[in-house]
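> Next come a sequence and a model predicted from it.
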Amino acid sequence: MNPTKRIAIVLVVAGSLGLTYGGFDYTKKTTGMKLGPIERKVEEKKIIDVPLIVSAAAIALGVFLLVAAGRK
């Protein structure tokens, strides 16, 4: 399998996941307060939304690359 097909498959899968879930979230740990040897850790929840157009464009580009790689 050549690199073009691999990239195309990754784009299609990533675009499908973006359409299915609409984004992802993660937790970031930071130091909220530090007073001498005492530290207060804070967990912040971050959410990243993936726009619908970006997911659709990734799928379209992946399909285009698969078709173009198959014609060679």
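Yep, that arrived.

> what ranges do the helices span in the chain?
With DSSP state H as the criterion, the chain has helices at 3-21, 52-70.

> and residue 37, which of those helices is closest to it?
Nearest to residue 37 among these is helix 3-21 (41.6 Å), distances taken as CB to CB. Every C-beta, even on glycine, is put in place using the N, C-alpha and C of the backbone.

> Mind listing what's buried along the closest one?
Along helix 3-21, these residues count as buried under the neighbour rule (16 or more other CB atoms under 10 Å): 8, 11, 12, 14, 15, 18.

> from those, which single one is nearest residue 30?
Of all those, residue 18 has the smallest distance to residue 30: 27.4 Å, by CB to CB.

> So the closest one versus residue 68, what's the distance?
22 Å (CB to CB, to the nearest Å).

> Name all residues that make contact with residue 49.
Residue 49 makes contact with 22, 23, according to CB atoms under 8 Å, 6 or more residues apart in numbering.
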